[in-house]
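Colleague: What would the 3D arrangement of this be:
(one chain, ligands or ions: 1)
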Amino acid sequence: MSNFHNVVEVSARKQYKCAECCGEILVGEKYFRHSYVQDGDFGSYKLDACCEKIISEVISETSIYDVDNIVIGEIYEQFEFHDSELEWLTAYIDNQAKRNAKPSQFLIDRRDRLLVITNE
Ligand SMILES: [Zn+2]
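Modeller: Alright, predicted model coming up:
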């Protein structure tokens, strides 16, 4: 069974929720629609532009091979101990706040800890 992954950038015709950060994608906003077949199962998910960018950077800058190897909704698991961890965490949390999704305390604590280390 061959695997397949396709992504298209489209405008939202109604309000959606980003599969990564749970934030709102507003009507008219550009978002990224992923559809795939993996081991015979079809699936799809939507990402806002910020999450799409973060995930692309994580894939290109870490040891993750490609988009089929990530767990959508838990990309922050891959930030840890990377040079860009603070940058990614900050972008992720700010994006969630902007989209009315509640950033997890776990991620906020991690960012704050990194900020302290960075400023020492
Ligand atoms: Zn998102």
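
Colleague: State the helix or strand in which the most centrally placed residue in the chain lies.
Modeller: When the chain is reduced to its mean C-alpha position, the nearest residue by CA atoms, centre = their mean turns out to be Cys51, at 3.6 Å. If you go by DSSP states H and E, Cys51 is part of helix 49-61.

Colleague: so what secondary structure elements neighbour that helix?
Modeller: Secondary structure elements in contact with helix 49-61, counted by 3 or more CB pairs under 8 Å, 6 or more residues apart in numbering; DSSP states H and E, are strand 30-38, helix 85-98. Backbone N, C-alpha and C define where each C-beta goes, glycine included.

Colleague: Columns mean pLDDT on top of the ones you listed, output as CSV?
Modeller: Below are the helices and strands packed on helix 49-61 laid out as CSV (pLDDT from 0 to 100):
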stretch, mean pLDDT
strand 30-38, 95
helix 85-98, 97
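
Colleague: Nearest to the ion, out of those?
Modeller: The ion sits nearest to helix 85-98 of all the helices and strands packed on helix 49-61, at 5.9 Å, using CB to the ion.

Colleague: from the middle of its chain, how far away would the closest one be?
Modeller: For helix 85-98, the distance between its averaged C-alpha position and the chain's averaged C-alpha position is 10 Å (CA atoms, centre = their mean, to the nearest Å).

Colleague: what's the answer for stretch 18-26, then?
Modeller: A distance of 9 Å separates the C-alpha centroid of stretch 18-26 from that of its chain, computed with CA atoms, centre = their mean.

Colleague: Same check on stretch 89-101?
Modeller: In terms of CA atoms, centre = their mean, the gap separating the centre of stretch 89-101 from the centre of its chain is 10 Å.
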